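Colleague: Predicted coordinates and the sequence they were generated for:
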Amino acid sequence: MADIQLRLGKDMLVLTTSAYHQLEQQGADAERDTSLTLLVEPEVVEDIYKLEALCGVQCAVAPTAQMTPARLAHTGLEAQEEVLVRQAMEVAAAGSFQHVLVEIGPCGLPLDASSKASLLENRDQYARAAKLFDDFEFDAFFLNGFSRIADLKCALMGIAKVSDVPVIASVDVNAEGMLASFQRFGICVDEAIEEAAHVAVDLGAMAFGFCTDAAGEDAAALAERIVRITSLPVMAQLFVHSAGEGACAAPYEDADAIVEAAELLRASGVQFLRACGSAPAAYAGALVAATEALDVVTAPSSLKAGEEVEQDLDALADRLKRRVNESLGA
């Protein structure tokens, strides 16, 4: 397994889509059934990863988001944590990916940011989850799905307490770059993506990113906001909503739309790309075809002269669309 840190700021990298949503499309309940499937039918999950490996995806996101004690207790599988971790790591390795990321999602416990006891309780959830992976080789922890900065802080501090493995952190934001609102003393509080980025820097994250269902131009603008305030490599996850009957909802109704977004995101300085939500494996393949063998853009193209930007993007679009058509057999 290659050291992902040697590639930071250099190669464009694509992550696997969500195994949880892939299972949902097969009729499973993601929250309840993913862990059970890992226990009794790991080959079902393994097939998901093998398909994406065939698409050329470089980074496997292990199906480990639910491995905090509170999440395991919610599904009644806390006694099976060691077996679940082993099965999850084995299925993620099935495709012989270049890199493996261990996903850890929010623990789901109530969090009072003004209470030291509450903060410590939440921090220890992530520390205990991270300890489960001491005996496995992987490239980085992937903190994903966070919608409150206090939760993200607890997760970063919890992992740092027990492990020196690098961490990639991601938050969920809307098109304006705002995390989900929450109530504090009866007042609605909004948190901006810049605040989360500063926390990621201060607490030693290796890379920082976001997940959004916004259109490609808006997602690229979010990436540029991060690039302007931090030197961390940037991840962009494009959340695809299900439109029923196997189709995907706008703004990413087909692979061409994902490719167009990938062009904009790379030009904005993004290194890590992922199609998530209800995105099928073909979307991961499209991202690979759009970015394979390309380097990270170190300075957002929006900072160049306007004419140069237009020429660069036109040439890039033509080249990448040819690659996608060849990959999809068009």
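Modeller: All right, it came through fine.

Colleague: Could you pull up the mean pLDDT of stretch 214-227?
Modeller: The average pLDDT for stretch 214-227 rounds to 96.

Colleague: Could you tell me how far that stretch lies from the centre of the chain?
Modeller: 15 Å (C-alpha atoms, centre = their mean, to the nearest Å).

Colleague: ok, the closest residue to residue 70 other than its chain neighbours to residue 233 distance?
Modeller: Nearest residue to residue 70, sequence neighbours excluded (C-beta to C-beta, 6 or more residues apart in numbering): residue 107, at 4.6 Å. All C-beta atoms are positioned from the backbone trio N, CA, C, and that covers glycine. Distance of residue 107 to residue 233, computed by C-beta to C-beta, to the nearest Å: 26 Å.

Colleague: what do you get for residue 142?
Modeller: For residue 142, the distance to residue 233 - C-beta to C-beta - is 13 Å.

Colleague: higher neighbour count, the two?
Modeller: More neighbours surround residue 142 than the other of residue 142 and residue 233, with 29 against 25 (other C-beta atoms under 10 Å).

Colleague: so what's the more buried one up against?
Modeller: Applying C-beta atoms under 8 Å, 6 or more residues apart in numbering to residue 142 gives the contacts 61, 101, 102, 103, 104, 167, 168, 170.

Colleague: Go through those residues and say which is closest to residue 202.
Modeller: Nearest to residue 202, judged by C-beta to C-beta, of the contacts of residue 142 is residue 167 at 12.6 Å.

Colleague: That closest one: neighbour count?
Modeller: The tally of other residues near residue 167 (other C-beta under 10 Å) stands at 25.

Colleague: Helices of the stretch 201-330 of the chain, start to end?
Modeller: Counting by DSSP state H, counting those that start in this stretch, the stretch 201-330 of the chain has helices at residues 216-229, 255-267, 281-291, 306-327.

Colleague: Oops, could you answer that again for the stretch 1-150 of the chain instead?
Modeller: According to DSSP H, counting those that start in this stretch, the helices that the stretch 1-150 of the chain contains are 19-24, 30-40, 42-54, 69-74, 81-93, 116-131, 149-162.

Colleague: between the third one and helix 81-93, how many degrees?
Modeller: It refers to helix 42-54. When axes from the mean of the first three to the mean of the last three C-alpha atoms, to 10 degrees is applied, the directions of helix 42-54 and helix 81-93 differ by 30 degrees.

Colleague: Give me the contact list for stretch 82-91.
Modeller: Here stretch 82-91 makes contact (C-beta under 8 Å, 6+ apart) with 35, 38-39, 42, 45-46, 49, 62-64, 67, 72, 77, 100, 102, 132-133, 136, 138.

Colleague: Buried among those residues? Make that a PyMOL selection.
Modeller: The buried subset of those, as determined by 16 or more other C-beta atoms under 10 Å, is captured in PyMOL by this line:
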select buried, resi 35+38+42+45+46+49+62+63+64+67+72+77+100+102+132+133+136+138
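
Colleague: CA atoms only: put the host helix or strand of residue 171 into PDB for me.
Modeller: When elements are assigned from DSSP states H and E, residue 171 belongs to strand 167-172. Extracted in PDB, the C-alpha atoms of strand 167-172 (Å, rounded to 0.1, in the frame of the first residue of the first chain):
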ATOM      1  CA  VAL A 167      -6.700  12.300   9.500                       C
ATOM      2  CA  ILE A 168      -8.800  13.600   6.700                       C
ATOM      3  CA  ALA A 169     -11.800  15.700   8.000                       C
ATOM      4  CA  SER A 170     -15.000  16.500   6.100                       C
ATOM      5  CA  VAL A 171     -18.100  18.500   7.000                       C
ATOM      6  CA  ASP A 172     -21.500  18.600   5.400                       C
END
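
Colleague: That one pairs with which strands, and in what direction?
Modeller: Applying DSSP bridges to the sheet, strand 167-172 is found paired with strand 140-146 (parallel), strand 207-212 (parallel).

Colleague: and the angle for the shortest one with helix 216-229?
Modeller: When you say that, I think you mean strand 207-212. 150 degrees.
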